[in-house]
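Visitor: Fold the following.
(4 chains)
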2 protein chains.
Amino acid sequence: MAVNEDQTKIGFRPLYAQVKDRLISRLVDGSWPPGMHLPSEQELARQLSVSQGTVRKALDAMTAESLLVRRQGRGTFVAEPEDARILFQFFRLAADRPSGENVFPDSSVLNWCGAGANDVEAQALHLESGNPVWRIERIRMLGGQPVLVESISLPANIFEGFDTLESIPNNVYQLYSARWGITIAKADEHLKAITATRNDTMHLHCPAGEPLLQIARIARNLQGNPVELRISRCLTRSMHYAVSLP
Amino acid sequence: MAVNEDQTKIGFRPLYAQVKDRLISRLVDGSWPPGMHLPSEQELARQLSVSQGTVRKALDAMTAESLLVRRQGRGTFVAEPEDARILFQFFRLAADRPSGENVFPDSSVLNWCGAGANDVEAQALHLESGNPVWRIERIRMLGGQPVLVESISLPANIFEGFDTLESIPNNVYQLYSARWGITIAKADEHLKAITATRNDTMHLHCPAGEPLLQIARIARNLQGNPVELRISRCLTRSMHYAVSLP
DNA sequence: GAGTGGTCTAGACCACAAA
DNA sequence: TTGTGGTCTAGACCACTCC
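Guide: The predicted structure is shown next:
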């Protein structure tokens, strides 16, 4: 690979970034599935005709984005959507008390159906209003107590055959990966304080007028396209949403 | 600098990390103030007796933490607490509407006084209960509308002479840096949904029972010690708090 | 012992900014 | 033109894992 092969000066893209793009495309097309042991740095350098240092820079960047996992002495692996990682990467709620670490809450599905996208879904998922989506509503519990109600919306054209599932697991990102080969690579969340609706108070066993933390999440695949909209409404009497800056 | 100079095998610390520590200590002791033009990579490498690549790795890490700013062709500079950076790094509230970018809200101070640390302040700031602190309360406005009430608590032993200030600027982190040489390097925030108190409704002109987003922030200096506790209570009818994962 | 990633070095050339 | 950071290379040795 020559430096800046068929690139004009204006379209300059560093070699390590081009390498990264090519490696990501192998994740996208499924030739490198989650858990796979990548070729060694030396081997990749030979295959791509670049130096080991350039490969390393690309691998380091992908590791920083949680796309890969590197282990000294063993090798480099495609990251898997196992609970521990998803919890750490995408779940920011934690108990207030014992300098609380976060725990994956259990979930129980309330209902799940197909529907036409409403305006919010259409805008978030880059669909036309009325396009088919799947909707899942569930409650999530911590220590037996319901802590949040969650509404998940998925484009039906991406998640084909969603209605044929027997059950919905707690960790849906693992499901997306295993069943449709979709990797959730990043997400954006918008937080607001809202008042519990009657539906919320019923499921969360909280009084009318209880303030809830509403988390609207748009999750994106490896290419950055939105593939999931999730709106969670959380009791925060004994929990909080933790953010580290930067 | 020899590799792992006076380090046992167990206490191994990479050379670039040692370099980073030494560079940070120059920020801490004030010999490299905000805005200063650092020596070039080559010069630093000579001074520290390491290769340019090792210096680069330390500088890149510090740049990623917003401690330094690098500009190709010009050099490397100590980051300054100017509005644009602070806004980007520490202010996550944005207007809902026009795919809204965030804006520094104006602020007006309600009152400011010395007091003994309450339990929350003592725990957050690593003080004993009753130790002297400064407290500032202010309202912040966006487009003339009050959007949040903010309570800032500072250890009086760190911020000496705070009571002699003539006024409190909008960007207090710039003040901390200029007046006391304190750099806010990172912060942790805990978010909850709460109900507006009578005090809140008065200042925010919102109805009783309005849900507010409460943001409790602990800001830390370069060494990671907590130096500011800030509790903000925000109207989120037309604003949201934005988080990017990862 | 063989193979992997992690660190460190030395040197080359490029892109950019300022004098 | 000079000096800076940005990229790329080639090669060495270290630390870790597994056989």
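Visitor: And the contacts of the helix or strand where A:Y241 lies?
Guide: Under DSSP states H and E, the secondary-structure element containing A:Y241 is strand A:239-245. By C-beta atoms under 8 Å, 6 or more residues apart in numbering or on different chains, the surrounding residues in contact with strand A:239-245 are A:92-96, A:102, A:142, A:147, A:191, A:213, A:215, A:234, B:89-90, B:92, B:186-192, B:216, B:243. Every C-beta, even on glycine, is put in place using the N, C-alpha and C of the backbone.
Visitor: mean confidence score for it?
Guide: The average of the pLDDT scores along strand A:239-245 is 96.
Visitor: what are the pairing partners of that strand, and which direction each?
Guide: The pairing partners recorded for strand A:239-245 under DSSP bridges are strand A:93-95 (antiparallel), strand B:186-195 (antiparallel).
Visitor: So which of those strands is nearest DNA strand D?
Guide: strand B:186-195 (21.8 Å; C-beta to the nearest atom of the strand).
Visitor: For the closest one, buried residues please.
Guide: By neighbour count, and taking 16 or more other C-beta atoms under 10 Å in any protein chain shown as the criterion, the buried residues in strand B:186-195 are B:K186, B:A187, B:E189, B:H190, B:L191, B:K192, B:A193, B:I194, B:T195.
Visitor: Next: stretch A:224-244.
Guide: A:226-236, A:239-241, A:243.
Visitor: Name the nearest residue to A:S40, sequence neighbours excluded.
Guide: With sequence-adjacent residues excluded and distances taken as C-beta to C-beta, 6 or more residues apart in numbering or on different chains, A:S40 is closest to A:G75, at 6.7 Å.
Visitor: What is the neighbour count of that neighbour?
Guide: When neighbours are defined as other C-beta atoms under 10 Å in any protein chain shown, A:G75 has 13 of them.
Visitor: just A:W112 next, same as before
Guide: For A:W112, the count of nearby residues is 15 (other C-beta under 10 Å).
Visitor: who's in contact with it?
Guide: With contacts defined as C-beta under 8 Å, 6+ apart, A:W112 is in contact with A:W134, A:R135, A:I136, A:E137, A:I168.
Visitor: can you redo these as JSON lines with distance to chain B and pLDDT?
Guide: Below are the contacts of A:W112 laid out as JSON lines (distance: C-beta to the nearest C-beta, whole Å; pLDDT from 0 to 100):
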{"residue": "A:W134", "distance to chain B": "22", "pLDDT": "97"}
{"residue": "A:R135", "distance to chain B": "22", "pLDDT": "97"}
{"residue": "A:I136", "distance to chain B": "20", "pLDDT": "97"}
{"residue": "A:E137", "distance to chain B": "20", "pLDDT": "96"}
{"residue": "A:I168", "distance to chain B": "22", "pLDDT": "93"}
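Visitor: Mind giving me the ChimeraX command for buried ones among the residues you listed?
Guide: The following ChimeraX line selects those of the contacts of A:W112 that are buried, judged by 16+ other C-beta under 10 Å:
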select /A:134,135,136,137,168
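Visitor: The contacts of strand A:239-245 also near DNA strand C: which ones?
Guide: Residues shared between these and the neighbourhood of DNA strand C: none [C-beta under 7 Å from any atom of the strand].
Visitor: tell me the SS of A:K57?
Guide: Three-state secondary structure (criterion: DSSP: H, G, I helix; E, B strand; the rest coil) places A:K57 in helix.
Visitor: how much space between it and A:R46?
Guide: As for A:K57, its distance to A:R46 is 17 Å (criterion: C-beta to C-beta, to the nearest Å).
Visitor: And A:S238, by the same measure?
Guide: To A:R46, A:S238 is 55 Å away according to C-beta to C-beta.
Visitor: cool, A:F159 as well?
Guide: Spatial separation of A:F159 from A:R46 under the definition C-beta to C-beta is 39 Å.
Visitor: who has more neighbours, those two?
Guide: Between A:F159 and A:R46, A:F159 has the larger neighbour count (other C-beta under 10 Å), namely 19 against 13.
Visitor: List the contacts of that one.
Guide: Under the criterion of C-beta under 8 Å, 6+ apart, the contact partners of A:F159 comprise A:W134, A:Y176, A:W180, A:I182.
Visitor: got the end-to-end distance for stretch A:223-239?
Guide: 33 Å (C-alpha to C-alpha, to the nearest Å).
Visitor: no wait, stretch A:76-90
Guide: Across stretch A:76-90, the straight-line distance between its terminal residues is 22 Å, by C-alpha to C-alpha.
Visitor: Kindly report the same for stretch A:77-90.
Guide: Taking C-alpha to C-alpha, stretch A:77-90 runs 20 Å from one end to the other.
Visitor: ditto for stretch A:213-231
Guide: For stretch A:213-231, the first-to-last residue distance is 10 Å (C-alpha to C-alpha).
Visitor: and what of stretch A:113-126?
Guide: Start to finish, the residues bounding stretch A:113-126 are 20 Å apart (C-alpha to C-alpha).
Visitor: near DNA strand C, which residues of chain A?
Guide: A:9, A:12, A:38, A:40-43, A:53, A:56, A:60, A:70-76.
Visitor: In PyMOL, how would I select just the buried ones from those?
Guide: Typed into PyMOL, the next command selects the buried ones out of those (criterion: 16+ other C-beta under 10 Å):
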select buried, chain A and resi 38+41+56+76
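Visitor: who does the strand or helix carrying A:W134 touch, helix- and strand-wise?
Guide: Using DSSP H and E, A:W134 sits within strand A:132-142. Identification of packing neighbours for strand A:132-142 by 3 or more C-beta pairs under 8 Å, 6 or more residues apart in numbering or on different chains; DSSP states H and E yields strand A:106-116, strand A:145-155.
Visitor: The same query, at a cut-off of 10 Å, please.
Guide: Counting contacts by 3 or more C-beta pairs under 10 Å, 6 or more residues apart in numbering or on different chains; DSSP states H and E, strand A:132-142 packs against strand A:93-95, strand A:106-116, helix A:119-125, strand A:145-155, helix A:198-204, strand A:226-234.
Visitor: Present the ones you listed as a markdown table; the columns should include distance to A:R26 and mean pLDDT.
Guide: What follows is the helices and strands packed on strand A:132-142, written out as a markdown table (distance: least, C-beta to C-beta, whole Å; pLDDT from 0 to 100):
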| stretch | distance to A:R26 | mean pLDDT |
| --- | --- | --- |
| strand A:93-95 | 34 | 92 |
| strand A:106-116 | 33 | 94 |
| helix A:119-125 | 26 | 97 |
| strand A:145-155 | 24 | 96 |
| helix A:198-204 | 43 | 96 |
| strand A:226-234 | 19 | 98 |
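Visitor: Residues of chain A that sit close to DNA strand D?
Guide: Taking C-beta under 7 Å from any atom of the strand as the criterion, the neighbours of DNA strand D within chain A are A:3, A:14-17, A:49-54, A:57, A:71-74.
Visitor: can you pull the pLDDT of the nearest residue to A:L44 once chain neighbours are set aside?
Guide: With C-beta to C-beta, 6+ apart as the criterion, A:L44 has its nearest non-adjacent residue at 4.7 Å, and that residue is A:V55. As summarised for this prediction, A:V55 has a pLDDT of 98.
Visitor: does the most centrally placed residue in chain A count as helix, strand or coil?
Guide: Nearest residue to the geometric centre of chain A (C-alpha atoms, centre = their mean): A:I184, 3.6 Å. When the structure is split into helix, strand and coil by three-state DSSP, A:I184 lands in coil.
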